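Student: below is the sequence, then the predicted model.
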Amino acid sequence: MREKLQAALDASVRALLAEAGDVASAPSVTLEPPRQAEHGDFATNAALVLAKRLKLPPRALAQALIAKLGSADGLVARTEIAGPGFVNFWLDRARWRGMLETILAAGSHYGRTDAGKGRRVMVEFISANPTGPLTMGHGRQAVLGDCIARLFGATGWDVTREYYFNNGGRQMRVLGESVRARYLERLGRAAAPPEDALKDAELPWPTAIGGKPVVFPREGYQGGYITDIADAIIAREGEGWLEEPGDGRFRVEAEQRIFGEIRATQDALGITFDVYTNELTMYAEKRVEGTLADLRKTTRVYEEGGAVWLRATDLGLARDRVLVKSSGEATYLLPDVAYHRQKFERGFERVVDVQGADHKDQGPYVKAALAALDLPAERLEFVIHEFVTLSSGGQTVKQSTRRANFVTVDEVLKDVGADVFRFFMIQRRPESHLDFDFDLAKETDWTKNPAYYLQYAHARCCGIERQAAERGVALPKPGDVLAERLALPEEIELIRKLAEFPEVVARAAEACEPHHVAYYVRDVAALWNPYLQDGKNHRVLSEDAELTAARLGLAAAVRTVVANGLALLGMSAPERM
């Protein structure tokens with residue numbers, strides 16, 4: 001509906017410009033639902049935008065625009081000029097009612113478009129290094145990335161979901177050493193370091209094994225999962241790994257077990273990936289080496305103090321960045337550039353990286369390096385999400401990943417389930433801080449838990465259809481709904497809201513902002529649940545066969561839209577609650 005009216009409005013604007021002898025391109029004019037329903041179905045600022053250009057009063061232009069637009073081929077029932085020159089539109093109610101047939105005929109495809117037209121997009125998300133279980137921050141990124149990928153799929157894109165992780169470098173060495181220290185401790189061959197040693201700012205805590213010094217990493221990983229890995233090694237190898245270094249088989253064992261657990265968490269969240277890749281592969285395929293060689297051929301790289309630098313200040317950034325340290329070791333930036341270069345070599349027209357706020361400074365430097373290599377850096381987009389705090393009993397739960405006093409995604413899923421977890425993680429804008437209210441998430445009352453409030457709207461629709469079947473009332477087919485019987489303002493408002501769904505999906509996909517879908521489904525539920533609560537004025541099943549069929553059609557349309565919206569959020573649409 002909005003697209004048709006927007007097209008008619010744009011044509012009218014072009015016609016007014018042509019009559020004035022203005023052959024320049026037409027300006028962009030908005031067409032938005034007004035905040036207050038009494039101001040119509042849509043409003044436009046077209047007259048205000050054109051006033052200066054055509055040197056006419058806005059209200060006079062608004063009148064000319066209304067005359068030029070007319071009924072827009074029967075779409076508009078009436079118009080009104082408001083304020084300094086806004087134009088409010090009321091659409092013909094018959095057109096709104098016709099949306100029911102459109103929704104019912106499309107079914108699970110309603111809301112889907114071909115905006116992407118088969119173009120290739122990669123969405124990289126989670127990308128957590130295998131050093132421990134997924135934390136709440138990882139959980140937010142997991143749901144955000146998955147929903148973005150779902151939105152791209154719903155708008156016609158050919159989507160690749162990718163997980164990239166660093167399985168080399170210092171973090172992994174520390175992980176291996178941590179497992180080794182616990183392995184030795186569990187065998188009684190080393191003393192556990194006292195708590196105050198872990199706070200030492202300068203020295204690690206030395207222990208002794210057979211006269212040989214053993215060092216527990218000062219910043220080692222201290223979670224129970226490290227001990228679990230050590231116990232598994234002992235069960236299989238006994239004391240056979242006493243002489244094994246931490247960066248050998250201990251590291252490999254830890255990586256495999258932890259990554260297996262990460263994948264199990266992904267499965268619990270309903271998340272799958274098409275590609276898993278890692279930093280060591282970038283080195284093995286000499287992509288890091290090749291990228292550095294090609295960067296050296298540009299004017300954007302220089303050497304100073306024995307290090308190799310990216311001349312990022314020439315590209316508008318605040319400072320230059322080191323690509324290779326004076327020790328010869330690459331910084332995180334260089335393999336990142338090599339990895340993103342590979343993404344474009346694989347033919348993706350759009351690349352979206354979903355990352356936490358602690359990575360926000362890295363993105364501009366990756367794009368700067370890509371630009372230096374004459375790659376389309378503008379196609380690389382970063383969706384940065386803020387941190388997650390967990391609250392319970394009105395208090396924030398303090399967490400520390402390194403000290404392992406953190407709450408994992410698995411622990412929360414055990415208490416609230418995947419649907420509630422996903423909704424709580426996606427109901428805020430990515431750039432907003434998210435406070436995960438654990439007590440509210442555990443609430444089972446559908447009137448209090450916002451996730452259940454959405455799902456209950458769907459379950460109630462299914463319940464109505466079951467009642468109809470029990471009474472022998474056939475569910476109406478798309479063309480059999482006498483939608484003109486839906487005359488109440490609240491029924492028209494519901495249909496208007498349902499008609500917005502395709503545009504909401506398209507906007508959310510383009511902006512990589514799934515929270516728009518969460519807001520939208522919540523709004524639909526907020527109209528439908530109270531509608532059903534008024535059983536006197538809004539009885540769906542009654543002695544009036546035509547009205548019953550019309551309201552069953554409305555219920556089926558609500559069920560369809562809510563189910564499709566929940567699917568984009570990765571949530572189930574239960575038939576009973």
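Tutor: The structure has been received and is ready for your questions. Numbers count the residues shown, from 1 in each chain.

Student: three-state assignment of residue 121?
Tutor: When classified by DSSP: H, G, I helix; E, B strand; the rest coil, residue 121 comes out as strand.

Student: can you give me the buried ones in the host helix or strand of residue 67?
Tutor: Assigned by DSSP states H and E, residue 67 falls within helix 58-69. Buried residues in helix 58-69, counting neighbours by 16 or more other Cβ atoms under 10 Å, are found at 58, 59, 61, 62, 63, 64, 65, 66, 68, 69. All C-beta atoms are positioned from the backbone trio N, CA, C, and that covers glycine.

Student: ditto for stretch 331-344
Tutor: Buried residues in stretch 331-344 (16+ other Cβ under 10 Å): 331, 333, 334, 335, 336, 337, 338, 339, 340, 341, 343, 344.

Student: quick one: contacts of the helix holding residue 67?
Tutor: 8-9, 12-13, 15-16, 46-48, 50-51, 54, 56, 76, 79, 81, 84-87 (Cβ atoms under 8 Å, 6 or more residues apart in numbering).

Student: next one: stretch 159-173
Tutor: Residues outside stretch 159-173 that contact it (Cβ under 8 Å, 6+ apart): 120-131, 145-146, 149, 152-153, 246-247, 251, 255, 259, 272-280, 283, 332, 335, 339, 348.

Student: and the buried ones among those residues, selectable in PyMOL?
Tutor: Here is the PyMOL selection string for the buried members of those, based on 16+ other Cβ under 10 Å:
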select buried, resi 121+122+123+124+125+126+127+128+129+130+131+145+146+149+152+153+246+247+251+255+259+273+277+278+279+335+339+348
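
Student: now, which of the contacts of stretch 159-173 lie within helices?
Tutor: 145-146, 149, 152-153, 251, 255, 259, 279-280, 283, 335, 339 (DSSP state H).

Student: circling back: what would the buried residues of helix 58-69 look like in a markdown table with distance to residue 522 and pLDDT?
Tutor: Listed next are those as a markdown table, based on distance: Cβ to Cβ, whole Å; pLDDT from 0 to 100:
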| residue | distance to residue 522 | pLDDT |
| --- | --- | --- |
| 58 | 36 | 89 |
| 59 | 37 | 92 |
| 61 | 38 | 89 |
| 62 | 34 | 91 |
| 63 | 39 | 91 |
| 64 | 40 | 90 |
| 65 | 35 | 89 |
| 66 | 35 | 91 |
| 68 | 38 | 84 |
| 69 | 33 | 87 |
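
Student: which one of these is nearest residue 39?
Tutor: residue 62 (14.3 Å; Cβ to Cβ).

Student: can you show me the strands along the stretch 201-350 of the chain?
Tutor: Along the stretch 201-350 of the chain, the segments classed as strands by DSSP state E, counting those that start in this stretch run 205-209, 212-216, 275-278, 301-304, 307-310, 321-324, 350-356.

Student: quick one: strands adjacent to the third one?
Tutor: In other words, strand 275-278. Sheet pairing of strand 275-278 (DSSP bridges) gives strand 158-165 (parallel).

Student: buried sites along the strand it pairs with?
Tutor: 159, 160, 161, 162, 163, 164, 165.

Student: helix or strand next in line after it, which one?
Tutor: Downstream of strand 158-165, the first helix or strand assigned by DSSP H and E is helix 169-186.

Student: just grab the bridge partners of residue 351 for me.
Tutor: residue 122, residue 380.

Student: separation between it and residue 336?
Tutor: For residue 351, the distance to residue 336 (Cβ to Cβ, to the nearest Å) stands at 12 Å.

Student: try residue 82
Tutor: To residue 336, residue 82 is 52 Å away according to Cβ to Cβ.

Student: can I get the ones in helices among the contacts of stretch 159-173 in CSV with pLDDT and distance to residue 394?
Tutor: Supplementary listing: the ones in helices among the contacts of stretch 159-173 in CSV, determined by pLDDT from 0 to 100; distance: Cβ to Cβ, whole Å:
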residue, pLDDT, distance to residue 394
145, 98, 31
146, 98, 31
149, 98, 35
152, 98, 39
153, 97, 40
251, 92, 42
255, 93, 39
259, 94, 36
279, 91, 42
280, 90, 45
283, 93, 49
335, 94, 44
339, 96, 43
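
Student: give the contact list for residue 308.
Tutor: 292, 296, 301, 302, 322, 323, 324.

Student: for residue 467, same thing?
Tutor: Applying Cβ under 8 Å, 6+ apart to residue 467 gives the contacts residue 541.

Student: helix or strand: which one has it?
Tutor: helix 450-470.

Student: can you tell me the average pLDDT over that helix?
Tutor: For helix 450-470, mean pLDDT is 97.

Student: next: stretch 117-127.
Tutor: 95.

Student: give me the contacts around that stretch.
Tutor: For stretch 117-127, the external contacting residues (Cβ under 8 Å, 6+ apart) are 134, 138, 141-142, 144-146, 148-149, 152, 156-165, 262, 266, 271, 343, 346-355.

Student: which helix runs longest in this protein?
Tutor: helix 545-568.

Student: show me how far that one is from its chain's centre.
Tutor: In terms of Cα atoms, centre = their mean, to the nearest Å, the centre of helix 545-568 is set 26 Å apart from its chain centre.

Student: how about it: buried residues?
Tutor: Of all the residues in helix 545-568, those buried under the rule 16+ other Cβ under 10 Å are 547-568.

Student: what do you get for stretch 131-146?
Tutor: For stretch 131-146, burial by neighbour count (16+ other Cβ under 10 Å) applies to 131-146.

Student: which non-adjacent residue is nearest residue 234?
Tutor: Spatial nearest neighbour of residue 234, chain neighbours left out: residue 186 (5.9 Å); criterion: Cβ to Cβ, 6 or more residues apart in numbering.

Student: what's the closest of the ones in helices among the contacts of stretch 159-173 to residue 97?
Tutor: residue 153 (30.5 Å).

Student: mind listing what the most centrally placed residue in the chain touches?
Tutor: In the chain, the residue lying closest to the centroid (Cα atoms, centre = their mean) is residue 144, at 2.6 Å. Contacts for residue 144 (Cβ under 8 Å, 6+ apart) come out as 125, 354, 383, 385, 425, 426, 430, 514.

Student: from the residues you listed, which two are the most distant?
Tutor: Within these, 383 and 425 form the most distant pair, 13.6 Å apart (Cβ to Cβ).
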